[in-house]
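# the sequence and its predicted three-dimensional model are supplied below.
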Amino acid sequence: MTTTTFGTANEDNAFLSKSDSRTVRRRSLALLGSLIRPVRLRFWLTLATVILSQLARVAGPVLIAFGIDHALPALHDGDNVPLILTGVAYLAAAITTAALTALYVTSTAKLSQAMLLDLRLRVFRHTQRLSLEFHEKYTSGRIIARQTSDLEALRELLDSGVSSLASGMLFMVFTAVTVFALDWRSGLILLGAGVPMYFLSRWYQKHSQIVFRESRVVSARLIVHFVESMTGIRAVKAFRKERENAQRYTELSENYRKVTVRSINLNGIFQPGLVLIGNVCVAVVLLFGGFRVLGGDLEVGVLLALMLSAKRFFQPVDQMAMFYNSFQSAQAALEKVSGLLEEVPTVRPPRNPVPLKDARGTIEFKGVEFRYGDGPVIIPKLDLHVPAGQTVALVGQTGAGKSTFAKLIARFYDVSSGTLTLDGVDLRDLSTTDLRRNVVMVTQEAFLFSGSVADNIALGRPEASREEIEEAAKAVGAHEFILELPEGYDTDVNKRGGRVSSGQRQLISFARAFLAKPAVLILDEATSSLDVPSERLVQQGLAGLLEGVAGKESGRTALIIAHRLSTVETADRVLVVHDGRVVEDGSPEDLISGGGRFAQLHGAWKDSLV
Amino acid sequence: MTKQTSFFQSISRLYPHMKPILPRLFLGLLCALLASVVALAIPQVLRVLVNESLQPGGATESVLMASLTILVLGIAEAGLVALRRQFVINPATTVETRMRTSLYHHLQDLPVAFHDRWGSGQLLSRAMTDLNFLRRWMAFGAIMLVVTTLTVVIGVVVMFTMSWQLALIFLGAALPIMIYGFRFRTSFSKVTRQSQDQAGDLATTVEESVHGIRVLKAFGRSREALENFNEQAEVLRQTEIAKAKHQATFTMVVTLLPELALGAGLVVGVMLAASGELGIGALVAFFATAAVVAAPVEFSGMLLAMALTAKTAVDRHFEVMDSVNTITTPESPRKPQEVKGALTFNTASFAFEDAPEHPILRGISLEVRPGETLALVGITGSGKSAMLQLVPRLYDVTDGSITIDGVDLRDFDVEELRRVVGMAFEDTTLFSSSVRDNVLLGAAERTEELLHESLDVAQAHFAYSLPDGVDTLIGEEGLSLSGGQRQRIALARAIAAKPKVLVLDDPLSALDVHTEELVEARLREVLAETTTLIVAHRPSTVALADRVALLEDGRITAVGTHTELLAANDHYRYVIANLVAEPRDLDSELSELDAEAEEMSR
Ligand SMILES: Nc1ncnc2c1ncn2[C@@H]1O[C@H](COP(=O)(O)OP(=O)(O)OP(=O)(O)O)[C@@H](O)[C@H]1O
Ligand SMILES: Nc1ncnc2c1ncn2[C@@H]1O[C@H](COP(=O)(O)OP(=O)(O)OP(=O)(O)O)[C@@H](O)[C@H]1O
Ligand SMILES: [Mg+2]
Ligand SMILES: [Mg+2]
């Protein structure tokens, strides 16, 4: 395995070295193979229908010939049975052809749709599995490109390719057999045409491969740019980025156009090239055959039949060229898709998970060190014990590493070294289900999905009833505003929750966490956009949530990150983070009286209140 | 559901785009016609050549001549095929690209309200899949449609010259095909539209699932997301299959009916021949021609489907292109003599498009003096952000007006207005480029000093210690920065634009108290000459402002300094000051909540 092309590395490079190119091609073909495998039965059935329908089609001309040669003389003799038979047979052949044709059109669609669905789901599942580290680099636009335009390329191949290839091949084999039966020498000439065709195809393959790769790269760029400017449209407008964007987009689409033209032009050489070779071959057959007719070795009638067959032999070449074209295109697309599928998530579920159904919520950092990828160390050497049920407030300057801390506990990232345990179990040994049931984080970015308010809250616990959802909304003080929306809980919040204000968005995300009722709750600036009264309501709701765990002596463990220290005052313990280190640790009262950083911060905050 | 337009009505909308390339398309068509004529001619010529000039003991030249003729014809055929592509490809891709960029231009132009409604997947599928298809149709489908039609018409005419009885039978099949074709058109158009829309929705889902991946991971809801996606993809699959079934039925009809006609023709023809009304030669020739005609008829199913899909693509394209931009530069834009930055709301009202009967802002009258900083305070959802977005005309007032230095915002050149007004949003929208590009996005001249100064004011010095300093690429939406870092870059961006009027939507919410103080200290200097409207949730942010306006129930209910309002206004105290409960008589609902809250805290 070469590392240069593994996964999505080097994805933007269309000019791969020979061995790299071979690796990605193989990967792409393997993917195609794995897509066909589950539907191979249908695949063969489709092929069979194609072949049968071709055979039924051949029956027509044969029957016409029979009618003219036999039924007509019989009719002269007063016998109309052969004519009736011919008519009926023709009818039967026509119906069979039509039915089989309809069948293979449907069957092809079913085949291709099954494969596409399979691939769509695979890509979706895999992108969900991939870690944040990957997503931060890869961008959503590219994933969309993989899911849309790359899949489209495969679809084209599947929709047109299979039937045209199969019927074309079959047709050529039949005709070749006829030609050989008539005259083997001419047959050999026909086969001889295969040699230049092979070289032409090789040439085409080599060049189109690069062009199609480029096309994938360029179209992905186009999509990335498009998606980004549409998601950031407010900023685009407010900062008058339109012109710059338009310029860039025009440039990208022009590149895309050029690459498309190049790919079509290649095909524009390839396809007429094949036609030309075929036609030259026909002329050669005529030349040789002609001389033999002159010499009396060949009958004129045979030569005529030979010529017509030879000409017909090359008819499907057109279609085959088209097939090869879409095949090349689909292969380039699958190279990219298979690369994405090959990416290994850095945060992986364990092979043998340690079960932890109901965690108590003890968190322990032992010698933890963390850096994002191979960036600078963000958290150097950390030892920390958070007993179950404790409410811990994390404070510190922006960029100090508070969110990073939180993201480690939620296992968005794995620690670079050391261990991080929940109830004594390393997070890396917990199954995803157990981890997510026990640890829930409300992120700094309150993201809502398009869909109803209720759906968005239910994300916290999908099986929750409407009452429970409303209960959660009430607890965080979101119930009132939700009722005022046009359709209450069923109001669509639009993409990214654009229908509600940012404070309302935070309340809804908060209600989610409330509904989830985890053992460990992490709140990262969950109230930063709220007004003071709403924040107070949330805090009261939170207090209720943290206390009330039935059948447990201690409540839930909570990790609260907040710049507004009103939340912090109610915490059991405060950690002051600076440059990724815990520089102060103690109860709020102790720290305030201790006169350290927290005391300063707290003083400043108190002053800022009036 | 949009109304159905007729095929030609839709396609004719392409005309302005196609006009410049029509001559080349026509040449392409000609080549295609010639190529098929040559392809058809070759067998005939062969027959003649072989039968007439090749006899045992004949001349060698005749063989050479015959081969040469065939060779020339063959080269001509290949040449014409190549030529057709040459004529068509460049113009077709040019049209495609032009339509794509004009779509993009238009999308960027359309107001934010439009984008609130449309998922980006829908827009993307229009820009990519639809237009790609349209190009293919222009370069191939449309031409083949014409060629095929011509072939069939000519073929039928030829058939009539051979035997009118048989030709009539053959033509008889055309009638039901046409009738069925109409039905097919309606039903197929509907499914095609459905499938294209569903594909767009699916792309939207993909986009959301990636942008919202943090939430999905935080709650471990990837499986539910997958199920949801699966459902949608399954629906799309069903639609596609339904589409294929429609096409299959149509293909069946166009395959079956001509064949049936031929079968009948065979019986009738043989009988005619038997009675001596028709020569055997004519009978053979008739069937040879019929075979040539039947193939394109069969092909018509595919071509028709392609044309209909192209039509839907055109419809979808123009659906967006026809959305009118309501926020435009007037014919003769006005501009204040000297931009001082006096921002005035004159009984301005605003309602979102989807809720016109519930105005968010009702008759706001407010004056922000040049150079003044005014804080806007109100509870969550009171319409502060909406009000701010009116200033750079991201939305337009529905009633009343807003002026800058006496000039109505709607009289400004939009771009000029947005140069005068700078904005920082509450959700920081950064782009995945370098810190430098993000900060200098709206700046008049992109100088190094300006960059440093803006970063300094926003206290974003951390940017220098990023791996590549200010040239570090920040990930998509800046998500590889911390929340406060992101916010400060966005603030620096608003400052770097050096606007006369600055609107800041809660720009310090993600900052710690200490950093906030530092930013405020520097910001105060900058704001001294800038008219500023700033949304504040905390007293600390209010401290930046000279005066405060209180937004309540869609109206400005009080304006004054922080101390004044704090002393005189209960609602203000309730909104901004910690631990002061709203008095019972003012807002019973809210105070009830408070009562509950008090109980809980006891
Ligand atoms: N995904 C990431 N990739 C690389 N670096 C990151 C990433 N996220 C954060 N960082 C860096 O890690 C450091 C700590 O970030 P973190 O988000 O933990 O800060 P924070 O304490 O939460 O700050 P804030 O209060 O502003 O949210 C910052 O310097 C930031 O630039
Ligand atoms: N696109 C929209 N369509 C209809 N209503 C909307 C739309 N966007 C926001 N709203 C509603 O308008 C009201 C005002 O929203 P806005 O974002 O202006 O509030 P805000 O004062 O900025 O609140 P916050 O302090 O939470 O940011 C909210 O009740 C919200 O539900
Ligand atoms: Mg943070
Ligand atoms: Mg707001």
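Everything's here; your move. Numbers count the residues shown, from 1 in each chain, chains lettered A, B, ... in the order given. Ligands and ions are numbered 1, 2, ... in the order given.

# so B:G378 sits against B:E552, correct?
Yes. Contact criterion CB atoms under 8 Å: B:G378 and B:E552 qualify, at 6.2 Å. Just so you know, the C-beta spots here come from the backbone N, C-alpha and C atoms, and that holds for glycine as well.

# quick one: which of those two has more around it?
A count of neighbours by other CB atoms under 10 Å in any protein chain shown puts B:G378 above the other of B:G378 and B:E552, at 25 against 19.

# and the helix-or-strand element of chain A with minimal mean pLDDT, which residues are buried?
Across the helices and strands of chain A, mean confidence by mean pLDDT, DSSP states H and E is lowest for helix A:566-569: a mean of 78. Using 16 or more other CB atoms under 10 Å in any protein chain shown as the test for burial, helix A:566-569 gives A:566-568.

# equivalent analysis for stretch B:229-236, please.
Using 16+ other CB under 10 Å as the test for burial, stretch B:229-236 gives B:229, B:232-233, B:236.

# repeat for stretch A:459-470
Result for stretch A:459-470 [16+ other CB under 10 Å]: buried residues A:459-461, A:464, A:468-470.

# start to end distance for that stretch?
One end of stretch A:459-470 to the other measures 13 Å (CA to CA, to the nearest Å).

# so how far is it from its chain's centroid?
29 Å (CA atoms, centre = their mean, to the nearest Å).

# averaged pLDDT, that stretch. What do you get?
Stretch A:459-470 shows an average pLDDT of 91 in the prediction.

# who touches that stretch?
A:440, A:449, A:454, A:457-458, A:472, A:479, A:489, A:511-517, B:215, B:219, B:221, B:224 (CB atoms under 8 Å, 6 or more residues apart in numbering or on different chains).

# hmm, which of those residues are the buried ones?
The buried subset of the contacts of stretch A:459-470 - by 16+ other CB under 10 Å - is A:440, A:449, A:454, A:457-458, A:472, A:479, A:489, A:511-517, B:215, B:219, B:221.

# tell me, how many residues neighbour the closest residue to B:I495 other than its chain neighbours?
The shortest distance from B:I495 to any non-neighbouring residue, by CB to CB, 6 or more residues apart in numbering or on different chains, is to B:S454 (4.7 Å). Residues lying near B:S454 (other CB under 10 Å) number 24.

# for the strand or helix carrying B:S454, which positions count as buried?
Assigned by DSSP states H and E, B:S454 falls within helix B:448-457. Using 16+ other CB under 10 Å as the test for burial, helix B:448-457 gives B:450-451, B:453-455, B:457.

# what does stretch B:163-172 give?
Neighbour count says stretch B:163-172 has B:163, B:166-167, B:169-170 buried, by 16+ other CB under 10 Å.

# which one among the buried residues of stretch B:229-236 gets closest to A:G87?
Using CB to CB, B:L236 comes nearest to A:G87 of the buried residues of stretch B:229-236, at 44.9 Å.

# quick one on the thing from earlier: filter the buried residues of stretch B:163-172 down to the ones close to ligand 2.
Near ligand 2, taking CB under 6 Å from any ligand atom as the test, no member of those is found.

# what about those residues, which are in strands?
For the buried residues of stretch B:163-172, not one is inside strands, with DSSP state E as the criterion.

# returning to what we had before: would you mind giving the buried residues of stretch A:459-470 as CSV with secondary structure and distance to ligand 2 added?
What follows is the buried residues of stretch A:459-470, written out as CSV (DSSP: H, G, I helix; E, B strand; the rest coil; distance: CB to the nearest ligand atom, whole Å):
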residue, secondary structure, distance to ligand 2
A:L459, coil, 19
A:G460, coil, 20
A:R461, coil, 24
A:A464, coil, 23
A:E468, helix, 23
A:I469, helix, 18
A:E470, helix, 18
